[in-house]
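1. give me coordinates for this.
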Amino acid sequence: MNILVTGGAGYIGSHTCVALLEAGYSVIVADNLCNSKVETIDKVKQITKKDILFYQIDVTEEDAVDKIFSNHDINGVIHFAGLKAVGESIEKPLTYYYNNLVSTMVLAKACQKHNVKRLVFSSSATVYGDNIVPFVETMNLLPTTNPYGETKAMSERILTDIAKANPAFSVSLLRYFNPVGAHESGLIGEAPNGIPNNLMPYVTQVAKGKREKLSVFGNDYPTVDGTGVRDYIHVVDLAVGHVAALDNITEGVHVYNLGTGQGTSVLELIQAFEDANSVEVSYEVVNRRPGDIASCYADASKAERELGWTAKRDILAMCRDAWRFEKNYEE
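-> Sure thing, here's the model as predicted:
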């Protein structure tokens, strides 16, 4: 079965390609490489000893997407392609709305035209906004803390409405929390272009000496130590969750949280990283960052019930694997 993975050269996309290939699927990747590198595709091939078809296209371009669907018998789509930095979305809202929404609509249109009935969408816990933890799939969405969250909530609504109008269309909306870690081979991991927007790659770059120190955005939140609390999930567990969603997809729209159900503060993560890897991470506390909330972690029981999926790797494994990748990684 051929699965089209948009954004498949990216961090989560590449690990999901590995999981798909290991599960026996064939993989076609579409990626514009705006925040990834083509070498990642070669590393996925190296890990799996299997081939991948790769198209360097922008998924907002309808003709380019249609050509892929015309050239291949596609059985399902996993849609990762999108801009994903909360802070940047506040600075560049139009860029985020255009890229993230148009790509979703172009893909959905191609699915309808070519009779592709299965789509797994990379959503985010950001859609819950500043809600009551733990976040449950049935909550009202409050994504107004940032445009990035809005684009995810809007994409969910677009896909939900399409599924209502086309009952045979099967959609799985995966709201995942904070992916960290790397493949155990150390060959693929989180390698953002430029300054990292996420915590773990910044931590690893500080530990490596590439950056002087980590900025901790605020220590006056109502949390265990005043720093922001997040549900960190190993990227390999997350990738396996996408395969589980694809394997178990049925008609209609289904929403799942993918997380561990455990909250970890920024300072706790730094301590875990230092303990796991016997390295020191310099940091300083600075002002809060716009769009951030105090606490965010999942109720992931629905995914366990319906998909048979649970996160298996703990925070120490996430830290060890992230550091292994960083040590191996060269620009």
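2. pretty sure Leu142 is touching Ala125, no?
-> No: look at Leu142 against Ala125 with C-beta atoms under 8 Å: they stay out of range, at 11.5 Å. Where C-beta positions appear, they are placed from N, C-alpha and C, glycine not excepted.
3. higher neighbour count, those two?
-> Ala125 (23 against 15; other C-beta atoms under 10 Å).
4. enumerate every residue touching the more buried one.
-> 135, 175-178, 231, 257, 259, 296, 298 (C-beta atoms under 8 Å, 6 or more residues apart in numbering).
5. one more: Asp220?
-> Per C-beta under 8 Å, 6+ apart, neighbours of Asp220: 226, 288.
6. part of a strand, is it?
-> No: counting by DSSP: H, G, I helix; E, B strand; the rest coil, Asp220 is not found in a strand; it is coil.
7. so how far is Asn131 from it?
-> From Asp220 over to Asn131 the distance is 20 Å, taken as C-beta to C-beta, to the nearest Å.
8. rounded mean pLDDT for the one helix or strand Val29 maps to, please.
-> Following DSSP states H and E, one finds Val29 within strand 26-30. For strand 26-30, mean pLDDT is 98.
9. what pLDDT does Asn75 get?
-> 98.
10. correct me if wrong: it contacts Leu20.
-> No: Asn75 is beyond contact range of Leu20, at 11.3 Å (criterion: C-beta under 8 Å).
11. what touches both of the two?
-> Ile3.
12. okay, the two: which has more neighbours?
-> Neighbours were counted for Asn75 and for Leu20 using other C-beta under 10 Å; Leu20 has more, 27 against 15.
13. enumerate every residue touching that one.
-> 3, 5, 27, 78, 242-243, 246.
14. how about His234?
-> 179-181, 311-313, 317-318, 321.
15. from those residues, pick the one nearest Val206.
-> Distance to Val206 across the contacts of His234 (C-beta to C-beta) is lowest for Val180, with 14.7 Å.
16. any idea how far the helix or strand of the chain with the lowest mean pLDDT is from the chain center?
-> None of the helices or strands of the chain scores lower by mean pLDDT, DSSP states H and E than helix 86-91, at a mean of 88. Helix 86-91 has its C-alpha centroid displaced from the chain centroid by 17 Å (C-alpha atoms, centre = their mean, to the nearest Å).
17. what's the answer for stretch 125-133, then?
-> The answer for stretch 125-133 is 16 Å, by C-alpha atoms, centre = their mean.
18. buried residues in that stretch?
-> By neighbour count on 16 or more other C-beta atoms under 10 Å, the buried set for stretch 125-133 is 125-129, 131, 133.
19. pLDDT-wise, what's the bottom of those?
-> Comparing pLDDT over the buried residues of stretch 125-133, the lowest score belongs to Gly129 (87).
20. make sure that one is actually in contact with Thr144.
-> Yes: at 6.2 Å, Gly129 counts as touching Thr144 under the criterion of C-beta under 8 Å.
21. need the residues touching each of those two.
-> By C-beta under 8 Å, 6+ apart, no residue touches both Gly129 and Thr144.
22. pull the lengthiest helix in the chain out as CSV, backbone CA atoms only.
-> Determined from DSSP state H, the single longest helix within the chain is helix 93-113. Provided in CSV are the C-alpha atoms of helix 93-113 (Å, rounded to 0.1, in the frame of the first residue of the first chain):
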residue,chain,number,x,y,z
PRO,A,93,0.4,35.2,10.8
LEU,A,94,-0.4,35.5,7.1
THR,A,95,2.5,33.2,6.2
TYR,A,96,1.1,30.6,8.6
TYR,A,97,-2.5,30.8,7.6
TYR,A,98,-1.7,30.6,3.9
ASN,A,99,0.8,27.7,4.1
ASN,A,100,-1.0,25.6,6.7
LEU,A,101,-4.5,26.0,5.5
VAL,A,102,-4.0,26.0,1.7
SER,A,103,-1.8,22.8,1.9
THR,A,104,-4.6,21.0,3.8
MET,A,105,-7.2,22.1,1.3
VAL,A,106,-5.1,21.2,-1.7
LEU,A,107,-4.4,17.7,-0.3
ALA,A,108,-8.1,17.1,0.6
LYS,A,109,-9.1,18.2,-2.9
ALA,A,110,-6.6,15.8,-4.4
CYS,A,111,-7.9,13.0,-2.2
GLN,A,112,-11.4,13.6,-3.4
LYS,A,113,-10.4,13.8,-7.1
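23. tell me where the stretch 151-300 of the chain has strands.
-> Remark: strands assigned in the stretch 151-300 of the chain by DSSP state E, counting those that start in this stretch are 170-176, 178-180, 214-217, 229-230, 232-234, 252-258, 264-265, 283-286, 295-296.
24. phi, psi of Thr227?
-> The phi/psi pair for Thr227 (degrees, to the nearest 10) reads phi -100, psi 160.
25. one more: Gly13?
-> Dihedral angles for Gly13 - degrees, to the nearest 10 - are phi -60, psi -40.
26. verify the stated contact: it with Ile28.
-> No: the pair Gly13 / Ile28 is not scored as a contact, 12.0 Å apart, by C-beta under 8 Å.
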